[in-house]
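Enquirer: please find the sequence and the predicted model below.
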Amino acid sequence: IVDPDGNELPPGTVNLYAYPMCTIKSGGVERAEEATGATLEALGWLIAELAVGAHAAFYRPDASGGLPIHALAIANTEESLNLVVDLCRGNPRLVMQAHGPGLFLHETLLHILAVNRQQDLLLELLRQAEMRLSRRQFAALLDLRADGAFFSGSPMLFYGATALGFAASFGLSRVAVAILDADLRGAARRQGEPSRLSCAACACSYTGFLPLHCAVVNGQIPMYDLLAGINYEKAAAPGEIRVAVPLLAEPSQRTVGNVGMWSHLTPLQLAAKIGDVAMTKHLLRNRLVLNWKWGPLSSYRLDLAQIDSVNPGSATSRPQEHNGNDLVELVADFRARLQTQSLLLPEFMQGFLFELVLQKWKRYTRYAFYSQRAAELIYLVSLTWLSFQLKLQQEYRPMYIAVPILAMGLLLNCLEVLFMVLWWR
C-alpha cells in the first residue's frame, strides 16, 4: 500500500488500542515496532481513507462493542490522539459514535478523553461538533449516558454518566463551561429546558448523581465552586472562567430517584457519607454566616438544614427528601465509614457536631434512654419475682402483678419493633 505522497506501508498488522505500535512482516519474520516517519504517515492515511470512505470494516464493533475511533482514543498516545482529531475533522459524525451493547454501552469519545484528562482535545471536538452537527445531533451527543455494566463498579460508579458528569469528575473546568455555554447559546438545548446541571434525564442511572454530585464525590473542590457559583458575588479574577448564573446548580440539590444508598443526598450529605473530611469542611464553611467580628475574634452561625433532622428547615414538603440522610444521622450510624464517624469528634470544626449531639443527649435523649432501661429492669425483676412465687405457691394467682407485667412486656416489644422500623428506614 502506497499513500499519495509515495510512502509505502509494509505488510503487517496493527492493534489500534496500542497505536502506533504495529507488527511488521519481513522475510517470513514478524517483529513488533512503533510506526514512525513514512510508515506512520502511510498508516494514518490508510485509516483516514477507511473512515472517510465509510468502509464497513471501520464501522464494525469489536467484542467489547468498541469501534476503531474508540480504540485510537483509548491508546492515548500523541499519534493516536492526533489521528482522532484529524478523523473527526474529516467526518464529524465519528464523534457521535458510541460503544455498542456490552460492558461499555454508550461510552463515546467524550467520555474516553475526559477520563484521560485530554481537555484541549475535548474542547476541539466539542467545537467541531457544535459547528458541523445539527442541534439535535449535538444535544444527543451530550445527552448520551455511559451506562454499561463496567460503569456500575467502583470508581467508575462515581463518574456520572454524561460527558458533563465526567468533566466534573476529573476537574475539566474549561470543558464543563464549554458545554454549559453551548446550552446557553441554544446549540444543544432549547429555550426553557432545564440546565444540564439540574436535568433529571442527565443523572446517572446507577447513583442518581448530577454533575455537582460527581464533583463532590471525586473531591473536586474547585469544580464544585464553579458549578455552584461559590464566591460569584466577588469580581472575577483575571483569566477566571465562570458558569452563566442562570445555569448554576443549587448547592442543596439532591441525587435523583431511588438508587439505594445514594438516594436523596445533597452534596453536603454525600461528602459526609463517603467520609471526605476536606470536602465536608469546605461545604460547611460555605454555609457559615458572620454574626460579628472584633479584631481577631469572630462569631458565625450555621443553618442546621441538612444537618439536624429536628430542624424544621431540613424537612421539606416532599417527605422523600427527609430520608435519614441528615448529617447527624449519617455520622452516628454504626455502619458508617470510620472517616464519616470521625466528623463527630471534638476536633472536627471545633466540635460543633459533637456539641450538637451532646445537647440532644442532655435535653431529652438521656431521659428516654434511662426510662427505657428502668422499665426493662422493673419488668425483669417483677417477672423473676412472680416466677419464683408461682414456683413456691402453685395456688398463688396475683393478677394485680401479672397484668401490669404483661402490659409492660407488650409495650417493650412494641418499642423494639418501632426501633427496628426506624433503623431499617
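Expert: Alright, I've got the coordinates.
Enquirer: quick one: mean pLDDT for stretch 279-286?
Expert: For stretch 279-286, the per-residue pLDDT values average out at 94.
Enquirer: what residues of that stretch count as buried?
Expert: Applying a neighbour-count criterion of 16 or more other Cβ atoms under 10 Å, the buried positions in stretch 279-286 are M279, T280, H282, L283, L284. Heads up, the C-betas are built off the backbone N, CA and C, glycines and all.
Enquirer: contacts for that stretch, please.
Expert: Contact with stretch 279-286 is made by 216, 219, 221, 224, 230, 251, 267-268, 271-272, 302, 343, 348-349, as judged by Cβ atoms under 8 Å, 6 or more residues apart in numbering.
Enquirer: which of the residues you listed count as buried?
Expert: Burial by neighbour count, 16+ other Cβ under 10 Å: within the contacts of stretch 279-286 this picks out 216, 219, 221, 224, 230, 251, 267-268, 271-272, 343, 348-349.
Enquirer: tell me where the stretch 101-250 of the chain has helices.
Expert: Secondary structure of the stretch 101-250 of the chain by DSSP state H, counting those that start in this stretch: the helices cover 109-115, 119-132, 135-143, 163-169, 173-185, 211-217, 221-228.
Enquirer: in a markdown table, list those along with mean pLDDT and distance to S26.
Expert: Formatted as a markdown table, the helices of the stretch 101-250 of the chain follow (pLDDT from 0 to 100; distance: least, Cβ to Cβ, whole Å):
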| stretch | mean pLDDT | distance to S26 |
| --- | --- | --- |
| helix 109-115 | 96 | 33 |
| helix 119-132 | 94 | 34 |
| helix 135-143 | 91 | 43 |
| helix 163-169 | 96 | 42 |
| helix 173-185 | 92 | 44 |
| helix 211-217 | 96 | 49 |
| helix 221-228 | 95 | 50 |
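Enquirer: in JSON lines: those, plus distance to N91.
Expert: Putting these into JSON lines (distance: least, Cβ to Cβ, whole Å) gives the following:
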{"stretch": "helix 109-115", "distance to N91": "12"}
{"stretch": "helix 119-132", "distance to N91": "10"}
{"stretch": "helix 135-143", "distance to N91": "13"}
{"stretch": "helix 163-169", "distance to N91": "19"}
{"stretch": "helix 173-185", "distance to N91": "21"}
{"stretch": "helix 211-217", "distance to N91": "29"}
{"stretch": "helix 221-228", "distance to N91": "32"}
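Enquirer: quick one on the thing from earlier: and which of the contacts of stretch 279-286 is nearest N82?
Expert: Using Cβ to Cβ, the shortest approach to N82 within these belongs to G219, at 31.5 Å.
Enquirer: okay, the buried residues of stretch 279-286 in a markdown table with secondary structure and distance to L383 next?
Expert: Formatted as a markdown table, the buried residues of stretch 279-286 follow (DSSP: H, G, I helix; E, B strand; the rest coil; distance: Cβ to Cβ, whole Å):
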| residue | secondary structure | distance to L383 |
| --- | --- | --- |
| M279 | helix | 51 |
| T280 | helix | 47 |
| H282 | helix | 54 |
| L283 | helix | 51 |
| L284 | helix | 49 |
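Enquirer: farthest-separated two in the residues you listed?
Expert: Comparing the members of the buried residues of stretch 279-286, the greatest separation, given Cβ to Cβ, is between M279 and L284, at 9.7 Å.
Enquirer: now L87: which helix or strand?
Expert: L87 is located in helix 78-90, with elements delineated by DSSP states H and E.
Enquirer: in that helix, what counts as buried?
Expert: Taking 16+ other Cβ under 10 Å as the criterion, helix 78-90 shows E79, S80, L81, L83, V84, L87, C88 as buried.
Enquirer: then stretch 147-165?
Expert: By neighbour count, with 16+ other Cβ under 10 Å as the criterion, the buried positions of stretch 147-165 are 147-148, 150-151, 156-165.
Enquirer: separation between the closest residue to Q118 other than its chain neighbours and A75?
Expert: Across the structure, with Cβ to Cβ, 6 or more residues apart in numbering as the measure, the residue nearest Q118 apart from its sequence neighbours is L81 (6.5 Å). Between L81 and A75 the distance is 8 Å, computed by Cβ to Cβ, to the nearest Å.
Enquirer: any common contacting residues for those two?
Expert: Common contacts of L81 and A75, defined by Cβ under 8 Å, 6+ apart, are absent altogether.
Enquirer: for the stretch 1-150 of the chain, which segments count as strands?
Expert: In the stretch 1-150 of the chain, the segments counted as strands under DSSP state E, counting those that start in this stretch are 12-14, 21-26, 29-34.
Enquirer: what's the mean pLDDT across the helix or strand containing I405?
Expert: Element membership of I405, judged by DSSP H and E, is helix 399-424. Looking at helix 399-424 alone, the average pLDDT works out to 83.
Enquirer: in it, what's buried?
Expert: By neighbour count, and taking 16+ other Cβ under 10 Å as the criterion, the buried residues in helix 399-424 are I405, M408.
Enquirer: count of residues packed around A38?
Expert: 14 (other Cβ atoms under 10 Å).
Enquirer: quickly note the distance from the residue lying closest to it once chain neighbours are set aside to L141.
Expert: In space, A38 comes closest to N7 once its chain neighbours are excluded; the distance is 4.0 Å by Cβ to Cβ, 6+ apart. Per Cβ to Cβ, N7 is found 34 Å from L141.
Enquirer: what sits up against stretch 179-195?
Expert: Here stretch 179-195 makes contact (Cβ under 8 Å, 6+ apart) with 126, 130, 135, 138-139, 141-142, 163-164, 167, 196-197, 199, 243-244, 246-249.
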